[in-house]
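Asks: predicted model follows, preceded by the sequence.
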Amino acid sequence: MSVLYLYAIADPGTRVDVMGLRDAAVRAVRSGGLDVLVSEHEEIESKADVDDLWAHEAVVEAAGSEGGAVLPLRLGCVLPDETAVVALVEDRAQEFRSALDRVRGAVEIGVRAAVTEGAPLPATATATDERPGTAYLMTRLAQKQRGDEVIDLVHRPLADLAREHVRLDRAIGDQSSVRLAYLVDEDAVEPFQERVQDLETELDDVRLACTGPWPPYSFAEGRIE
Amino acid sequence: MSARDEALQRKRAAETERRNRVLAASRARRDAAQERNRANMNRARRARQVSLVDLVDRLLDGGVVIHGDITIAVADVDLLYVGLRALVSSVENMEEKTGIKMSAKGPALGSSAL
């Protein structure tokens, strides 16, 4: 029995000219005035690898390059047949339509910010040689305070250039870096990226990494009020 | 050896020297180009790693969630996460050492208008 793998929900008429997961053809299932992009698979292994991630991403990006709005689905959504896809959209048509309106004309940019370890510390944090434990805690506290300041210094000017923003809490790797996602109008992407570069130049003790533009994964569901 | 032969020999020596200089210059240019290529490739690889981390974050944590009958097993995806954890800290360390800014997306996605 074959199944359908789902990539994205998009404005009607969205065409995709790339192959999907495991080189399967991608087609649109129309329901409730929306297109759901799917590919058909005889069976789908439950094991996802890095190629699957890029394949999913490539389909979502191709759909987004058509000019219409696209809501990316989370990796791994599978339904048994077209009837189930149609039913899904019928159940949640209103939600999907307003979600599409929310991201229309915008892309997501990811920013990772971290304070470097050589950050300048206030004198109070360094002048207690006799009590190394206290000195250590003071140092950590100063670093944390600087981290909070930096989030403010980096985030405020960037938020001004974005429609919406969200802080991504599930941090992998170095816990000292803060991850933020911004929903940015397509024509504001360049000014936004330039601002990130300027900020990195201005703030000596901060490392900034900027990735994207991405499809609006972090703004596809659950609006933060 | 006649004066003419000497002159000829000097001329040949001068030509050889010039040829060697030209060759050395072109070798230096080639080496520099290779060095640049290597640097670019390393940068692209690191940029792609950073992008991959961001991609995993988005694909596994973002996007519309549906409750389908069958989903790709999350257990495997969690393993992928564990593998990436080591990768991310090494990328971030590299970034610190090299001062190279990571702001490129994966090369596979270069043609997209997004």
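Replies: Great, that's in hand.

Asks: do any residues in the strand or helix carrying B:Asp54 lie close to chain A?
Replies: Assessed by DSSP states H and E, B:Asp54 sits inside helix B:3-61. Yes: with Cβ under 8 Å from any Cβ of the partner chain as the criterion, chain A is reached by helix B:3-61 at B:50-61. The way it works is simple: take the backbone N, C-alpha and C, and place the C-beta from them, glycine included.

Asks: next secondary structure after the helix or strand of chain A with the lowest mean pLDDT?
Replies: The weakest-scoring helix or strand in chain A, judged by mean pLDDT, DSSP states H and E, is helix A:132-160 (a mean of 80). Using DSSP H and E, the helix or strand that directly follows helix A:132-160 along the chain is strand A:164-168.

Asks: next, the buried residues of that next one.
Replies: Buried residues in strand A:164-168, defined by neighbour count with 16 or more other Cβ atoms under 10 Å in any protein chain shown: A:164-166, A:168.

Asks: and the contacts of it?
Replies: Strand A:164-168 is contacted from outside by A:102, A:110, A:155, A:158-159, A:178-183, A:218-219, A:224, B:57, B:61, using Cβ atoms under 8 Å, 6 or more residues apart in numbering or on different chains.

Asks: pull out the buried residues from stretch A:191-209.
Replies: A:192-193, A:195-196, A:199-200, A:203, A:206-209.

Asks: buried ones in the strand or helix carrying A:Ala84?
Replies: Following DSSP H and E, one finds A:Ala84 within helix A:82-103. Within helix A:82-103, the residues that count as buried by 16+ other Cβ under 10 Å are A:82, A:84-86, A:88-89, A:92, A:96-97, A:99-100, A:102-103.

Asks: if we look at chain B, which of those residues are close to it?
Replies: Near chain B, by the rule Cβ under 8 Å from any Cβ, you find A:84, A:88, A:96, A:99 out of the buried residues of helix A:82-103.

Asks: which one among the contacts of strand A:164-168 gets closest to B:Asp31?
Replies: A:Gly110 (36.6 Å; Cβ to Cβ).

Asks: and the angle from the strand or helix carrying the closest one to helix A:132-160?
Replies: Using DSSP H and E, A:Gly110 falls within strand A:106-115. Per axes from the mean of the first three to the mean of the last three Cα atoms, to 10 degrees, the angle that strand A:106-115 makes with helix A:132-160 is 160 degrees.

Asks: touching chain B at all, strand A:106-115?
Replies: Yes: if you take Cβ under 8 Å from any Cβ as the test, strand A:106-115 does meet chain B, through A:107-108, A:110, A:112, A:114.

Asks: next one: stretch A:22-38
Replies: No: for stretch A:22-38, no contact with chain B is found by Cβ under 8 Å from any Cβ; the gap never falls below 9.8 Å.

Asks: now that stretch, how far from the chain's geometric center?
Replies: 22 Å (Cα atoms, centre = their mean, to the nearest Å).

Asks: and that stretch, C-alpha only, in CSV?
Replies: This file holds the C-alpha atoms of stretch A:22-38, laid out as CSV (Å, rounded to 0.1, in the frame of the first residue of the first chain):
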residue,chain,number,x,y,z
ARG,A,22,14.3,9.6,-2.6
ASP,A,23,13.8,11.1,-6.1
ALA,A,24,10.1,10.7,-6.1
ALA,A,25,8.0,13.1,-8.2
VAL,A,26,6.2,15.9,-6.4
ARG,A,27,2.6,16.8,-7.1
ALA,A,28,0.0,19.0,-5.7
VAL,A,29,-3.2,17.9,-4.1
ARG,A,30,-5.9,20.6,-4.2
SER,A,31,-8.2,21.0,-1.3
GLY,A,32,-10.2,24.0,0.1
GLY,A,33,-8.5,26.4,-2.4
LEU,A,34,-5.0,25.4,-1.2
ASP,A,35,-2.3,23.1,-2.6
VAL,A,36,-0.6,20.4,-0.6
LEU,A,37,2.7,19.3,-2.1
VAL,A,38,3.2,15.5,-1.8
